[in-house]
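J.: Sequence first, then the predicted structure:
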Amino acid sequence: MNDGKQDRRSRRTRETLIHALLELIERKHYDQISVQDIVEQANVGRSTFYAHYGNKDDLLLSGLEHQMELLVGQITLGGTGRLDFDTRAFFQHTRGHYEIYRTLVWGAGFKLLVEDGQAMLSAKIEARLAALLAGRPEPSIPLPVLANAIAGVLLVLLKWWLDNKSPYPPERMDAIFQQLVMGGVRSALP
């Protein structure tokens, strides 16, 4: 019973810390935010922060990981066995948090988003594809390559969209992603 309380308290602390970071990103550039800023915003001690995260990048990646899990949940197999990946919610979420994502794509946050974020997203996409396609013949392109291509193009589109002040609505960005990526992905599936 005590473990459940501890888990809830730990989860609540992690949520408080990520929300503090996000609030700070709305006011300051990611590169200018320190762990001290985060703990002051969250009203927790430094030792509490370090009990959960090694540094602010770890904190940011944990927040990104949650969003990536929601995104990867949008990869589905339709009734006909057609692989679908609806990215509209991803672009809508990004538009709703434009300042946060814009801050991330400029400066050190971009390295995290593109390098670490792409590796994390690619691994999650690969796992999702492997689960969805279990029992089917192997695709003509290995799953790790497919997953990496999907993640890479999605993040490059996101950066372009943010750099250009989101000139198209999320629905149009999803349509662009579908045309650029999903046709090729589907052609690799048996």
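T.: Perfect, thanks for sending it. Owing to the predicted nature of the structure, the values given are computational and were not obtained by experimental measurement.
J.: Point me to the residue sitting closest to the centre of the chain.
T.: Nearest to the mean C-alpha position of the chain, by CA atoms, centre = their mean, lies Met68 at 3.4 Å.
J.: Would you state the strands of the chain in chain order?
T.: Per DSSP state E, the chain carries strands over the ranges 75-77, 83-85.
J.: would you turn those into a markdown table with distance to Glu138, mean pLDDT and mean neighbour count?
T.: In this view, the C-beta of every residue, glycine as well, is placed from N, C-alpha and C. Formatted as a markdown table, the strands of the chain follow (distance: least, CB to CB, whole Å; pLDDT from 0 to 100; neighbours: other CB atoms under 10 Å):
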| stretch | distance to Glu138 | mean pLDDT | mean neighbour count |
| --- | --- | --- | --- |
| strand 75-77 | 16 | 92 | 16 |
| strand 83-85 | 14 | 93 | 17 |
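J.: Switch these over to TSV; also include distance to Gln32.
T.: Converted to TSV, those look like this (distance: least, CB to CB, whole Å):
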stretch	distance to Gln32
strand 75-77	36
strand 83-85	35
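J.: Contacts only, for the residue nearest to the centre of the chain.
T.: Going by CB atoms under 8 Å, 6 or more residues apart in numbering, Met68 touches Gly117, Met120, Leu121, Lys124.
J.: If we use 10 Å, what do you get?
T.: Leu61, Phe90, Gly117, Met120, Leu121, Ser122, Ala123, Lys124, Ile125, Ala151 (CB atoms under 10 Å, 6 or more residues apart in numbering).
J.: for Gln36, same thing?
T.: Counting by CB under 10 Å, 6+ apart, Gln36 makes contact with Arg46, Phe49.
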